[in-house]
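Trainee: this is the structure alone, sequence omitted:
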């Protein structure tokens, strides 16, 4: 009923479908890349095993600003206080007790390799990789961020400050940590959004890695550097909105280049005419 297709074939060979959108990874400022991917749990475990933590009988929950044991009692782990002003938008000021660190001061006295947990959450992914290089599980999760061009974000960065493209790639990094069945279909919406041109190749390398393992990737994409690496292209148009919605051409990069009605094809022809694609 109300189907927009005649038939679907090949679905019986797909074991799992993963739809990765640009929706935020969390609706709260407490959500971070470290919490979303499970990285925070591994770090909290390391702190709970330090000698001083054992002496004080601190558990993993003490190293979370979401728990009463670990959070600053003044700001409840937010790092700021909200001030309501009549007839004006609410104002946020840094917590005077924890100075924005979110944790209760006794928790910050526990050090791992000379750093407290707040300092570690301020690390960029690239800094954290060097710091946790000897811990295989932690370094593997961090490496997945770097592989998709997110080495610059911090472990404790609020999910509310991430762009849609960044959020989508964080979800992809999380999925890469999961054991994959024989054949997974990945659906992504503009995964190159916000990526520097130097990081596009990193994203393509991730796709190549998944494809080499027998998985399938379907992208909605406009970036030519990504499109030219596709095995099969379906070019929609010829314009946008009411003037679009038709299949201009489908096929390999060469097939699309030969279509005079395809803007994508003509751009690919102009930009990559000298490349062996």
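Mentor: Looks like it came in fine. Bear in mind the structure is a predicted one, so any value in this text is a computation, not a measurement. Numbering: from 1, shown residues only.
Trainee: what about residue 185, is that helix, strand or coil?
Mentor: strand (DSSP: H, G, I helix; E, B strand; the rest coil).
Trainee: tell me the bridge partners for it.
Mentor: residue 17, residue 216 (DSSP bridges).
Trainee: could you do the one 4 residues further on as well?
Mentor: Under DSSP bridges, the beta-bridge partners of residue 189 are residue 220.
Trainee: report pLDDT for it.
Mentor: Here, the pLDDT recorded for residue 189 equals 88.
Trainee: surely it meets residue 165?
Mentor: No: contact between residue 189 and residue 165 fails when scored by Cβ atoms under 8 Å: they sit 9.4 Å apart. (Each C-beta comes from the backbone N, C-alpha and C, glycine too.)
Trainee: who touches both of the two?
Mentor: residue 22 (Cβ atoms under 8 Å, 6 or more residues apart in numbering).
Trainee: got the buried residues for the longest helix seen in the chain?
Mentor: Secondary structure assigned by DSSP state H gives helix 197-212 as the longest helix of the chain. By 16 or more other Cβ atoms under 10 Å, the buried positions in helix 197-212 come out as 199, 200, 202, 203, 204, 206, 207, 210.
Trainee: residues touching the residue most central in space within the chain, list them.
Mentor: The residue lying closest to the centre of the chain (Cα atoms, centre = their mean) is residue 170, at 1.2 Å. Contacts here follow Cβ under 8 Å, 6+ apart; on that basis residue 170 touches 25, 33, 36, 37, 145, 150, 162.
Trainee: any chance of the residues you listed in a markdown table with distance to residue 6, neighbour count and pLDDT as columns?
Mentor: Putting the contacts of residue 170 into a markdown table (distance: Cβ to Cβ, whole Å; neighbours: other Cβ atoms under 10 Å; pLDDT from 0 to 100) gives the following:
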| residue | distance to residue 6 | neighbour count | pLDDT |
| --- | --- | --- | --- |
| 25 | 37 | 19 | 79 |
| 33 | 42 | 28 | 91 |
| 36 | 39 | 17 | 90 |
| 37 | 40 | 23 | 89 |
| 145 | 41 | 28 | 89 |
| 150 | 40 | 25 | 87 |
| 162 | 39 | 23 | 86 |
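Trainee: let me know the closest of the residues you listed to residue 262.
Mentor: residue 150 (32.3 Å; Cβ to Cβ).
Trainee: for that closest one, give me phi and psi.
Mentor: Phi and psi for residue 150, reported as degrees, to the nearest 10, are phi -120, psi 30.
Trainee: who's in contact with it?
Mentor: 33, 125, 166, 169, 170, 173.
Trainee: could you report the distance from the residue nearest to residue 13 when sequence neighbours are not counted to residue 56?
Mentor: The shortest distance from residue 13 to any non-neighbouring residue, by Cβ to Cβ, 6 or more residues apart in numbering, is to residue 183 (5.7 Å). To residue 56, residue 183 is 49 Å away according to Cβ to Cβ, to the nearest Å.
Trainee: circling back: thought the residue nearest to residue 13 was touching residue 17?
Mentor: No: in this structure, residue 183 is not within contact of residue 17 by Cβ under 8 Å, at 10.1 Å.
Trainee: report all helices and strands that the longest helix of the chain contacts.
Mentor: The contact analysis (3 or more Cβ pairs under 8 Å, 6 or more residues apart in numbering; DSSP states H and E) places helix 197-212 against helix 136-147, helix 164-176, strand 216-220, helix 224-227.
Trainee: just those: most buried one?
Mentor: Mean neighbours per residue, mean count of other Cβ atoms under 10 Å, is largest over those for helix 164-176, with a mean of 22.
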